[in-house]
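In: coords below, sequence missing:
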Ligand code: UD1
């Protein structure tokens, strides 16, 4: 099993190109199932989760071709199955979003209940509620969701009980081929939803309201092929901004989408960073300063993203002052706290959703274990600041979501190696 060896104490400095967004690419790849025509997707990040989605499309019978630049062409003309098996879905929750497209196009689908990061219970009741409102008969048996219907799905008014990114995406994709108009209220507003809606519209869908909490979808009979480039990864961008800031360094990110990072940039400025944004680049400079402690409360977009909570918490661990970090999206998303404390951090869990961080002047290397995707990077941030060499085990979690992590960190001057 791969591990990362990181010797701390280096100030990060340099320029990085931001990769395509994992959370957008995965849903767009699932969306290719909505047409029999070839669809060409560019700026797809080279990640384990993307490989899993490509494997899933292949197992359904789609023809997938990749070029050396990770442009992916999918032709879902002759599918041989509408069943997404447990072995693939258990490793990645995002694969559950093939349910909507398969059902809308073929009238039936069978998808294993999902797995993915161990961050709370993460049910799919809202996905199923939305699809049922569109007319699907849904049945749960043997760990699988079986959905079917006769004829086309029917447009409906749907109000989610809570804001769900995956639920919005699943129902949005299904509604594109429904008969009549669907109105999705309390929809997620995340930039990845906007990217998916833009992609679906490029295929001929009629979606409006994306980026607001009400989506309107006028169903069409068929969708066609298109060429589309995935948006920049805001979580990867934010993560490297935090890593550079934590070490007192500076970084310039190119091919980024600064307008998707307002909440994170605002917090980084409170921590003492000087930040300048252009249309598609971001420059951060800490001028060698130690960060100031800043309170964080995660929220749905445009609030502070839960996917950057762990990394910010790690920076707060060595910041000047005390801070409170509150997680409102997922239960059980503080597994990194115990590992950060092994490195000398002083973090106390006030309750299941609040961490109290007492900033310390230095951390000290120790062996630690990655627990979930984003939490793993919090250990990288901590290791970059720690005295000595930290061994981070189980980094397969990181490889699910961060492209060529050790190369990108080395480009910024970090002392990092992958070992087996
Ligand atoms: C997506 C992102 C993930 C991010 C999260 C929140 C992908 C692949 N993953 O995950 O990185 O952290 O959005 O921004 O895009 N919930 C229910 N019932 C449902 C669905 C969700 O109760 O049917 C709950 C979940 O348990 C969770 C909350 O709603 O507490 C938000 O989940 P959701 O927005 O659906 O997250 P994902 O789409 O799984």
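Out: That came through fine. On a predicted model such as this, the values are computed, not experimentally measured, just so you know.
In: hey, let's count contacts and neighbours off CA atoms from now on
Out: Will do.
In: how about the helices in the stretch 51-200 of the chain?
Out: Here the stretch 51-200 of the chain has its helices, by DSSP state H, counting those that start in this stretch, at 86-89, 99-106, 125-133, 165-176, 191-202.
In: rank those by mean pLDDT and give me the bottom one.
Out: Mean pLDDT across these is lowest at helix 86-89; the value there is a mean of 90.
In: other SSEs contacting that one?
Out: strand 108-112 (3 or more CA pairs under 8 Å, 6 or more residues apart in numbering; DSSP states H and E).
In: so which elements touch the strand it packs on?
Out: Judged by 3+ CA pairs under 8 Å, 6+ apart, the packing partners of strand 108-112 are strand 83-84, helix 86-89, helix 99-106, strand 144-148.
In: wait, which of the ones you listed is closest to residue 7?
Out: helix 86-89 (35.2 Å; CA to CA).
In: what residue in the stretch 301-420 of the chain comes nearest to the ligand?
Out: Per CA to the nearest ligand atom, residue 330 is where the stretch 301-420 of the chain lies closest to the ligand, at 4.2 Å.
In: that's a helix at that residue, yeah?
Out: No - applying DSSP: H, G, I helix; E, B strand; the rest coil, one finds residue 330 to be coil, outside a helix.
In: apart from its chain neighbours, what residue comes closest to residue 4?
Out: Distances taken as CA to CA, 6 or more residues apart in numbering place residue 418 nearest to residue 4, at 4.6 Å, with adjacent residues excluded.
In: tally up the residues packed near the one you found, please.
Out: 15 (other CA atoms under 10 Å).
In: around the ligand, which positions in the stretch 201-350 of the chain sit nearby?
Out: Residues of the stretch 201-350 of the chain lying close to the ligand (CA under 6 Å from any ligand atom) are 306, 307, 329, 330.
In: neighbour count, pLDDT and distance to residue 206 added to the residues you listed, as CSV?
Out: Shown next, in CSV, are these (neighbours: other CA atoms under 10 Å; pLDDT from 0 to 100; distance: CA to CA, whole Å):
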residue, neighbour count, pLDDT, distance to residue 206
306, 22, 97, 30
307, 19, 96, 30
329, 18, 95, 30
330, 16, 91, 32
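In: hmm, back to that, can you give me the buried ones in the helix or strand containing the residue nearest to residue 4?
Out: Taking DSSP states H and E as the definition, residue 418 sits inside strand 415-419. Of the residues in strand 415-419, 415, 416, 417 count as buried by neighbour count, 16 or more other CA atoms under 10 Å.
In: got it, and stretch 53-60?
Out: For stretch 53-60, the neighbour count (16+ other CA under 10 Å) marks 53, 54, 56, 57, 58, 59, 60 as buried.
In: which of those residues sits closest to the ligand?
Out: Closest approach to the ligand among those (CA to the nearest ligand atom): residue 53, at 10.9 Å.
In: how far away is the closest one from residue 229?
Out: 17 Å (CA to CA, to the nearest Å).
In: so what's residue 35 up against?
Out: 75, 76, 77, 105, 222, 223, 224, 225 (CA atoms under 8 Å, 6 or more residues apart in numbering).
In: export these to JSON lines and append columns for neighbour count.
Out: Listed next are these as JSON lines, based on neighbours: other CA atoms under 10 Å:
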{"residue": "75", "neighbour count": "22"}
{"residue": "76", "neighbour count": "22"}
{"residue": "77", "neighbour count": "15"}
{"residue": "105", "neighbour count": "23"}
{"residue": "222", "neighbour count": "15"}
{"residue": "223", "neighbour count": "22"}
{"residue": "224", "neighbour count": "17"}
{"residue": "225", "neighbour count": "20"}
